[in-house]
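K.L.:
for reference, the sequence and a predicted model appear below.
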Amino acid sequence: MRVAAPAWPLLLAIALALPALSGCQRDMSDLQEYIAKINARPGGDIEPIPTIEPHEPYLYPGHARSPFDSSVIARPLPPPPTGVPGEVDIDFDRPREPLEAFPLDSLRMVGSMEQEGVRYALVRTPDRTILTVQPGNYMGQNFGRVVDITTREIRLIEVVPDAFGGYVERENNVSLSE
């Protein structure tokens, strides 16, 4: 047997909603009065469109060259980079090292150490991890191969694209951060 729910909560909700709904009716007489006042204004005359006088072109004497000739402002090409274009081969099948995931300018040398005659550099990554590199390791996103490590810097050779579709080697370094 089912017992019916009391109806008083529903009646209370309706009684509270009626005053709120009755507030939706507005007196719009002030708006209608304003619109009537605007419509009662006299209309103005619209000025006629001015006539445009035809333009007389003027030919400057002694200027036979077109002002749109791009050869006047074209810059000469920079000299080609040293070395034969496309001379450097990149091994794209070589497994990437962890420091090659970061741009070179985001890596910081924070120290160096020597162990059994091999000098290592301590490099801090942007995520604040410290990793070691030694000559022959790679770092940076331009295939930078570490060639020398001193107490003050890491010297490396990067492989960068040249202007002719090939690659050239470029020296770079990462100095010790103070």
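P.N.:
Nice, I can see it.
K.L.:
now the helices: where do they sit in the chain?
P.N.:
According to DSSP state H, the chain carries its helices in the segments 8-22, 29-39.
K.L.:
so which of the ones you listed is nearest Ile90?
P.N.:
helix 8-22 (74.0 Å; Cβ to Cβ). Placement of C-beta: from N, CA and C, glycine included.
K.L.:
contacting residues for Thr125?
P.N.:
Leu99, Phe102, Ser106, Leu107, Leu131 (Cβ atoms under 8 Å, 6 or more residues apart in numbering).
K.L.:
so what does the spatially most central residue of the chain have for phi and psi?
P.N.:
Geometric centre of the chain, nearest residue: Pro103, 15.8 Å, by Cα atoms, centre = their mean. The phi/psi pair for Pro103 (degrees, to the nearest 10) reads phi -60, psi 150.
K.L.:
okay, now the unreliable bits of this structure?
P.N.:
Filtered on pLDDT under 70, the chain yields the residue ranges 1-6, 18-25, 67, 70-87.
K.L.:
and the strands in it?
P.N.:
108-115, 118-124, 130-133, 138-139, 144-149, 153-161, 167-175 (DSSP state E).
K.L.:
single out the most deeply packed of these.
P.N.:
strand 138-139 (a mean of 22; mean count of other Cβ atoms under 10 Å).
K.L.:
quick check: neighbours of it in the sheet, parallel or antiparallel?
P.N.:
Note on strand 138-139: by DSSP bridges, its sheet partners are strand 144-149 (antiparallel).
K.L.:
quick one: the strand it pairs with to strand 153-161, angle?
P.N.:
Angle, strand 144-149 to strand 153-161, by axes from the mean of the first three to the mean of the last three Cα atoms, to 10 degrees: 150 degrees.
K.L.:
what angle do strand 144-149 and strand 108-115 make?
P.N.:
Note on geometry: by the same axes, to 10 degrees, strand 144-149 and strand 108-115 are set 50 degrees apart in direction.
K.L.:
against Arg155, how distant is Val88?
P.N.:
18 Å (Cβ to Cβ, to the nearest Å).
K.L.:
with Arg94 instead?
P.N.:
20 Å.
K.L.:
phi first, then psi, for Pro135.
P.N.:
Dihedral angles of Pro135 (phi, psi; degrees, to the nearest 10) stand at phi -50, psi 130.
K.L.:
so how many other residues sit close to it?
P.N.:
By the measure other Cβ atoms under 10 Å, the count of residues near Pro135 is 16.
K.L.:
wait, isn't it in contact with Val147?
P.N.:
Yes - between Pro135 and Val147 there is a contact under Cβ atoms under 8 Å: 6.1 Å.
K.L.:
what distance do you get for Ile46 to Ala40?
P.N.:
20 Å.
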